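Chemist: Please work out how this folds:
(chains A and B)
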Amino acid sequence: MEGPLRRPLDVAGSESETAKDGFPEIAMSSFFASRHMPCADCGASVAAEARDEHTCDPERVLEFRLFQLRDGVAGFDTDLRGYLDSPEGRFEQWLAERDRPPP
Amino acid sequence: MADAKQIVRRLIEEPWTGNMHVIDELIGPGYIGFDPSAPEPIRGPAGAKTQIQQYIDGFPDGRITVDDQIAEGDKVASRWTARGTQTGEVAGIAPTGKGVTVSGITISRLDNGMVVEEWTTWDTLGMLVQLGAVPAPTQA
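Modeler: Just a heads-up that it's a prediction; the model follows:
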């Protein structure tokens, strides 16, 4: 990741549905707009007046993305064990053992 | 009324810093609380704990800050801001990892140094919008 990420946030109150810098804008009436909205990239709660200046903390971006993938991460060990127990996985293990260079 | 303000401030802020005992310390046994997000009035210290705990479970890193207070007679009005990251389920909403900031106002009535009645209004819709649980209507 190169340097801090700077992204405009979804702008509440916008009438446009066009994407801005790759981010879809939320078109909503100002009545329902919340003064704070989470950044789409890092999940940080950002006040409306700070949206243009918001810069994502790369660590927070990583944490946020990992959180979205938590089910996959949590299931990785189970999936791997299942694969290793499958005929294909057993063959892969046999092949790797066979090709292991001598110590 | 400085003490009353301090009592209410502690009651609003401290459960979020891990001190749930403050509820037993400062809420009267006959306490009744009214919150638009609760279908029924909140009764007694146990009811208050249950009400707060469900939000702490949803926002374990959450904090509430009392921004301003006004006291008159036996009542204290507190304007507060809550901030937290939703890493637990809230109101049936699966964890999103999103940060949320909402504000609210609580009017507390005290008797003998304990809070016995409360009326709270807070930005429930704002929380739901920020979590993406409420689809934002498109302008015509």
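Chemist: Next, the contact list for residue 101, please.
Modeler: In the absence of a named chain, this looks at chain A. Under the criterion of C-beta atoms under 8 Å, 6 or more residues apart in numbering or on different chains, residue A:101 has no neighbours. Where C-beta positions appear, they are placed from N, C-alpha and C, glycine not excepted.
Chemist: Can you look at chain B instead?
Modeler: Neighbouring residues of residue B:101 by C-beta under 8 Å, 6+ apart: A:35-36, A:45, A:47, B:81-83, B:130.
Chemist: Mind jotting down where the helices sit in chain B?
Modeler: For chain B, helices defined by DSSP state H occupy the ranges B:2-13, B:21-26, B:44-58, B:124-130.
Chemist: So for chain A, which of these sits nearest?
Modeler: Chain A sits nearest to helix B:124-130 of all the helices of chain B, at 4.1 Å, using C-beta to the nearest C-beta.
Chemist: Need the contact partners of the closest one.
Modeler: Contacts of helix B:124-130 (C-beta under 8 Å, 6+ apart): A:32-38, A:45, B:36-37, B:90-91, B:93, B:98, B:100-103, B:134, B:136.
Chemist: host element of the nearest residue to residue A:93 once chain neighbours are set aside?
Modeler: Take residue A:93 and drop its neighbours on the chain: the residue closest to it by C-beta to C-beta, 6 or more residues apart in numbering or on different chains is residue A:84, 6.4 Å away. Element membership for residue A:84, per DSSP states H and E: helix A:76-85.
Chemist: Spit out the contact partners of the residue nearest to residue A:93.
Modeler: With contact taken as C-beta under 8 Å, 6+ apart, residue A:84 is in contact with A:90, A:92-93.
Chemist: Using the record's assignment, carve chain A into domains.
Modeler: Domain ranges of chain A: A:1-56, A:69-103, per automatic domain parsing.
Chemist: least reliable of the ones you listed going by mean pLDDT?
Modeler: Confidence, taken as mean pLDDT, is least for domain A:1-56 of those (a mean of 66).
Chemist: and residue B:127, how many neighbours?
Modeler: Around residue B:127 there are 26 other residues, counting by other C-beta atoms under 10 Å in any protein chain shown.
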